[in-house]
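>>> This is a predicted model, with the sequence first.
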Amino acid sequence: MLPVDPAVRDRIERLEIPFNAFGIDPYGASKKEMGVFFSMLKLMYEKYFSVEAHGLHHVPPRGRVMLVGNHSGGVALDGAMVIASMFLEMDPPRLAQGMVEKFINKMPFGSQWSTRCGQLTGLPEHAERLLRDDRMLMVFPEGARGTAKLFKERYTLVQFGTGFVRLAMRTKTPIVPFAFLGGGEAVPTIANAYTLGKMLGVPYVPITPWGVALPLPAKLEVHYTAPMLFEGTGSEEDDVVFGYVERVKSRIAETMELGRRRRKGES
Amino acid sequence: MKVCVPGISGKLGRLLAERLLEQGHEVIGIDKRPFKDAPKELLARIEMHEVDIRKRAAEDVFRRVRPQAVIHMATVTHLVVRSEERYRINLGGTRAVFDHAKTYGVEHVVFVGRHTYYGAAADSPLYHSEDEPPMALQHFPELADLVAADLFAGTMLWRHPALVTSVLRMVYTLGPTGHGTLGTFLRGPRVPTLFGYDPLFQFMHEDDVVKALIATLDERPRGVFNVAGPPPVPLSTIIRETGRTEMKLPEVVFRGALGRFGLPRLPAGALEHIKYSVTVDDAAFRAATGFAPDVDERTAMHAYAAAFPVQSR
């Protein structure tokens, strides 16, 4: 096993999660595996990408919350770095729990490592249970369509699902919209190989100018914005829910646009 | 109260019979197997009928004794009975229990079922609730009769509403009797697992199983309930804490090696159950009965290890 960073070990102890005597939480997240995982993420977060996290004061320190953001980069870099920022920069640290694509769970080690690190299969039942348990849920409403964005589309958003808003309303969960920038530069996808993906049992394989999707050490940024709480039961008509989805989506789009201009040197 | 226990001759049956007597109940046992585990003193205090629940003689017991409650434990898994007979025991037997209960004025029937009802699959959620349908049966047809018996028992809730029916979906048992699917799986010194998979397993100590059954008898909750003990533990931890050695095999090798080299014989579908977790949400049962387990996961695993130490060669 890889060495565990002492600072990571200390933060794991400070996670406000009910671990049992074996260091396992009720969803299978394990102190031991998270030690390895977060030590690796810490290196990537601090050294390789030197990620900048802004607006951390918008994220509630405890209680149920949904982090909702854009996909950026052909592999799950964005999710990993959001998880890292919540773990490394919040006080006390928080475990952001994402919804993992179903194909991961079918692969050896995929299911084992994702659950040991608190990342559950993307199922509505899991999302609702985690929120009712006052956990932090990380959601990318663009889904796999979002990670498939090409380099030229890197500052755009594709269609948002609506399930996350209904769930937030039903469980009275605040939504913290965030914008993730730089993933498109780190993994500049020029095309996606869908047939190759099918052969490998994954949705697609992103192709970069140098072939594989090994990320470049591009500057990554994540901007958290003020929480949004939508009143209701979650069973409202579509046009009501679409309105709320649009509000979240435009907040993310505006934050992305500000970031894009700043990164290009415009003001 | 007169409590009839079909399937009493198992390991749990003895513990249950002792607790029922302690609580001042009369115990009427029905089982075609002789009650070998029961000491003489216990046998002297219960009314034992060595008959098949599906046969006429069992109905005679109901007619003559008129029990107020039935705790139906006479279902078997593929590990115990590997033939067509299993189908007849699980479905024919369950039907007979409810038919007699209806005819002879039983007030409360407890169906002791299994949490494996929900099935294991890559896309099944953690912590199933009672309203979920069974999944992945096509991969594990050996479970179909138990699932059918569970659903059949549940139909009593509307077909015979005067009878209080409690359908319990209980997690694996683990404890010093070594009873049950998990206890059997862990028996050898080396326990095979699938390389790259480590599912969560939920189990309860056999004393807690009996405690949950007594709580059901006392509180008479109507409906279908998941019953669980302490929080789940990864399979690798169970193997380690029971003093066994984990043997991680790639899936292809595993399938080929089943039943050989001292490995247990398992149907192909059982592999899904050591790849993916089957965990249940027991909040409804706890709320309905006030049940809480007494034995934690570590104690249960160590009790099993002490009763079944690994023989050094």
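Ah, there it is. Numbers count the residues shown, from 1 in each chain, chains lettered A, B, ... in the order given.
>>> Quick check: residues of chain A near chain B?
Counting by CB under 8 Å from any CB of the partner chain, chain A comes close to chain B at A:20-22, A:24, A:26-28, A:30, A:102, A:105-112, A:115-116, A:120-121, A:123, A:125-126, A:129. The C-beta positions use only the backbone N, C-alpha and C, and glycine is treated the same way.
>>> Out of these, list just those in strands.
Counted as lying in strands by DSSP state E, out of these, are A:120-121.
>>> Just the buried ones from the residues of chain A next to chain B?
Neighbour-count burial (16 or more other CB atoms under 10 Å in any protein chain shown) applied to those gives A:20, A:22, A:24, A:26-28, A:30, A:105-107, A:110-112, A:115-116, A:120-121, A:123, A:125-126, A:129.
>>> And whichever helix or strand B:Tyr87 is part of, how far out from the chain middle?
Here B:Tyr87 sits within helix B:85-87, counting by DSSP states H and E. Here the centre of helix B:85-87 is set off from its chain's centre by 16 Å, with CA atoms, centre = their mean, to the nearest Å.
>>> and the residue nearest to B:His273 when sequence neighbours are not counted, how many neighbours?
In this structure, B:His273 finds its nearest non-sequential neighbour in B:Ala120, 4.6 Å apart by CB to CB, 6 or more residues apart in numbering or on different chains. B:Ala120: 23 surrounding residues under other CB atoms under 10 Å in any protein chain shown.
>>> give me every residue that touches B:Ala120.
B:136, B:140, B:199, B:272-273, B:275-278 (CB atoms under 8 Å, 6 or more residues apart in numbering or on different chains).
>>> now the strands for the stretch 51-200 of chain A?
A:52-54, A:65-69, A:96-100, A:120-121, A:136-139, A:175-181, A:191-193 (DSSP state E, counting those that start in this stretch).
>>> So which residues on chain B come close to chain A?
Within chain B, the positions near chain A by CB under 8 Å from any CB are B:122-123, B:125-127, B:194-200, B:230-234, B:237, B:250-251, B:275-277, B:296-298.
>>> if we can go back for a sec, and of the strands of the stretch 51-200 of chain A, who's closest to A:Pro215?
A:Pro215 lies closest, by CB to CB, to one member of these: strand A:175-181, at 13.2 Å.
>>> What angle do strand A:65-69 and that closest one make with each other?
Angle, strand A:175-181 to strand A:65-69, by axes from the mean of the first three to the mean of the last three CA atoms, to 10 degrees: 30 degrees.
>>> just checking, what packs against strand A:175-181?
Helices and strands touching strand A:175-181, by 3 or more CB pairs under 8 Å, 6 or more residues apart in numbering or on different chains; DSSP states H and E, are strand A:65-69, helix A:77-89, helix A:163-170, strand A:221-224, helix A:238-263.
>>> if you set the cut-off to 6 Å instead, what comes out?
Contact here means 3 or more CB pairs under 6 Å, 6 or more residues apart in numbering or on different chains; DSSP states H and E; on that basis strand A:175-181 packs against strand A:65-69, strand A:221-224, helix A:238-263.
>>> With respect to burial, which of those scores highest?
Of all the helices and strands packed on strand A:175-181, strand A:65-69 carries the top mean neighbour count, a mean of 25, counting by mean count of other CB atoms under 10 Å in any protein chain shown.
>>> Neighbouring strands - and their directions - for that strand?
Strand pairing for strand A:65-69, using DSSP bridges, gives strand A:136-139 (parallel), strand A:175-181 (parallel).
>>> I'd like those laid out as CSV, including mean neighbour count, mean pLDDT and distance to A:Met66.
Shown next, in CSV, are those (neighbours: other CB atoms under 10 Å in any protein chain shown; pLDDT from 0 to 100; distance: least, CB to CB, whole Å):
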stretch, mean neighbour count, mean pLDDT, distance to A:Met66
strand A:136-139, 25, 96, 5
strand A:175-181, 25, 95, 5
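>>> Of those strands, which is nearest B:His115?
The closest approach between B:His115 and any of the strands paired with strand A:65-69, judged by CB to CB, belongs to strand A:136-139 at 26.0 Å.
>>> in the stretch 51-200 of chain B, which spans are helices?
B:56-65, B:85-87, B:93-103, B:144-159, B:181-185 (DSSP state H, counting those that start in this stretch).
>>> No more questions from me, cheers.
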